[in-house]
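Participant: Have a look at this fold, sequence not included:
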């Protein structure tokens, strides 16, 4: 079930990401078109955004509407992010947990690419499919300060890399 009003969903993902000027932010999966403008507002001129999407046509569509030089686009999957270790200050996901085949693996990838103190923030529209697994994955991936809440049938989760 999808939240009837998507803007508050994206606002909550952005808020939990605690994005600051100069941050390097990764946006994964569906929802990038809605999240990137909010990220750009927060990172200032010195920050950067990397969008990772599995499908080239979706990246091309996003590039058409957002050609900002602070944004780079990569083709990749949630469970194997095409980034070096400890390169992101924040990783934001909307619905990527549904697309991921293994939520534990996804959480480990988030932990791998986040710098110490980096934040993971996600929204999964189907809370029933993700609730316990997301918390378990975050915990085993070295992420702490884990919070989860449900709203409108979806799950919001955030964590900080220790």
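Facilitator: Happy to help now that I have it. Given the structure is predicted, the values throughout are model-derived calculations rather than measurements.
Participant: biggest strand in the protein by residues?
Facilitator: Counting residues, the longest strand found in the chain (DSSP state E) is strand 114-124.
Participant: pLDDT averaged over that strand - what is it?
Facilitator: Averaged across strand 114-124, pLDDT comes to 95.
Participant: That strand pairs with which strands?
Facilitator: In the sheet, strand 114-124 lines up against strand 88-94 (parallel), strand 154-161 (antiparallel) (DSSP bridges).
Participant: now those strands in CSV, with distance to residue 27 and mean neighbour count?
Facilitator: No exception for glycine: its C-beta is placed from N, CA and C like everyone else's. Formatted as CSV, the strands paired with strand 114-124 follow (distance: least, C-beta to C-beta, whole Å; neighbours: other C-beta atoms under 10 Å):
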stretch, distance to residue 27, mean neighbour count
strand 88-94, 5, 27
strand 154-161, 15, 23
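Participant: Redo those strands as JSON lines? Include distance to residue 20 and mean pLDDT.
Facilitator: As requested, the strands paired with strand 114-124 are arranged in JSON lines below (distance: least, C-beta to C-beta, whole Å; pLDDT from 0 to 100):
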{"stretch": "strand 88-94", "distance to residue 20": "7", "mean pLDDT": "96"}
{"stretch": "strand 154-161", "distance to residue 20": "13", "mean pLDDT": "94"}
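Participant: For this protein, which element, helix or strand, carries the lowest mean pLDDT?
Facilitator: helix 96-99 (a mean of 60; mean pLDDT, DSSP states H and E).
Participant: doesn't residue 145 fall inside a strand?
Facilitator: Yes - assessed by DSSP: H, G, I helix; E, B strand; the rest coil, residue 145 belongs to a strand.
Participant: Hmm, it is touching residue 159, no?
Facilitator: Yes - using C-beta atoms under 8 Å as the test, residue 145 is close enough to residue 159 to be in contact (6.1 Å).
Participant: overlap in contacts of those two?
Facilitator: Common neighbours of residue 145 and residue 159, counting by C-beta atoms under 8 Å, 6 or more residues apart in numbering, are absent.
Participant: and residue 82, how many neighbours?
Facilitator: For residue 82, the neighbour count with other C-beta atoms under 10 Å is 11.
Participant: Regarding it, what is its secondary structure?
Facilitator: Local secondary structure at residue 82 is given as coil here, using three-state DSSP.
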